[in-house]
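Fold the following.
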Amino acid sequence: MLRHAQIVFVPEIVANPSEFVGQSVRVLGRVSEGQHQANRLCVEYQDALLFVNTSLLDNVSFREGSLYQFIGEISSDLLLCARVSRCVDGMDLALYEKAVDIRRQFLLATGIK
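Numbering: from 1, shown residues only. Down below sits the predicted model:
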């Protein structure tokens, strides 16, 4: 059974990759380049890059420059194996980051990890 995906930011994964290997994560990133035949994308968020394996996502096309949210697992070679994706163009990123921060504070205060 898959665990729920932890909301994290790409820079957090890049800064401490060993903490996230094998974990289910939900990340946000702007598609900076893609190798669609190889089922591989590069997403960027706050100047940090993460490669995404999209082989589990059937018939999904990604637009360079668009903002996407991915849910998947981080492999040992720091590759996100996405099982869910959605385009979130137009999302207020400052508000999103604030909401994630408030959620983390609440979970910490209540002892929920």
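
any idea of the pLDDT on Asn53?
Asn53 carries a pLDDT value of 95.

Distance-wise, check it relative to Leu78.
The spacing between Asn53 and Leu78, counted by Cβ to Cβ, to the nearest Å, is 11 Å. Every residue, glycine included, has its C-beta placed from N, CA and C.

Same question for Gln23.
In this structure, Gln23 and Leu78 are 12 Å apart, going by Cβ to Cβ.

tell me the contacts of Ile7?
Contact analysis of Ile7 by Cβ atoms under 8 Å, 6 or more residues apart in numbering lists 25-26, 100, 103.

Just the buried subset of the residues you listed, please.
The neighbour-count criterion (16 or more other Cβ atoms under 10 Å) marks Val25 among the contacts of Ile7 as buried.

On the strand side of things, show who the spatially most central residue of the chain bridges to.
In the chain, the residue lying closest to the centroid (Cα atoms, centre = their mean) is Val27, at 2.0 Å. Beta-bridge pairing for Val27 (DSSP bridges): Phe70.

Could you report the pLDDT at it?
pLDDT, Val27: 98.

What is the least confident helix or strand in this structure?
strand 24-35 (a mean of 90; mean pLDDT, DSSP states H and E).

For this protein, which segments count as strands?
In the chain, the strands defined using DSSP state E lie at 6-7, 24-35, 40-45, 48-53, 67-74, 79-87.

Output those strands in TSV; the columns should cover distance to Asn59.
Formatted as TSV, those follow (distance: least, Cβ to Cβ, whole Å):
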stretch	distance to Asn59
strand 6-7	26
strand 24-35	15
strand 40-45	15
strand 48-53	16
strand 67-74	15
strand 79-87	12
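
Which one of those strands lies nearest to Pro17?
Comparison of the strands of the chain against Pro17 by Cβ to Cβ identifies strand 67-74 as nearest, at 7.4 Å.

on that earlier part again, higher neighbour count, Asn53 and Leu78?
Applying other Cβ atoms under 10 Å to Asn53 and Leu78 shows that Asn53 carries more neighbours, namely 20 against 15.
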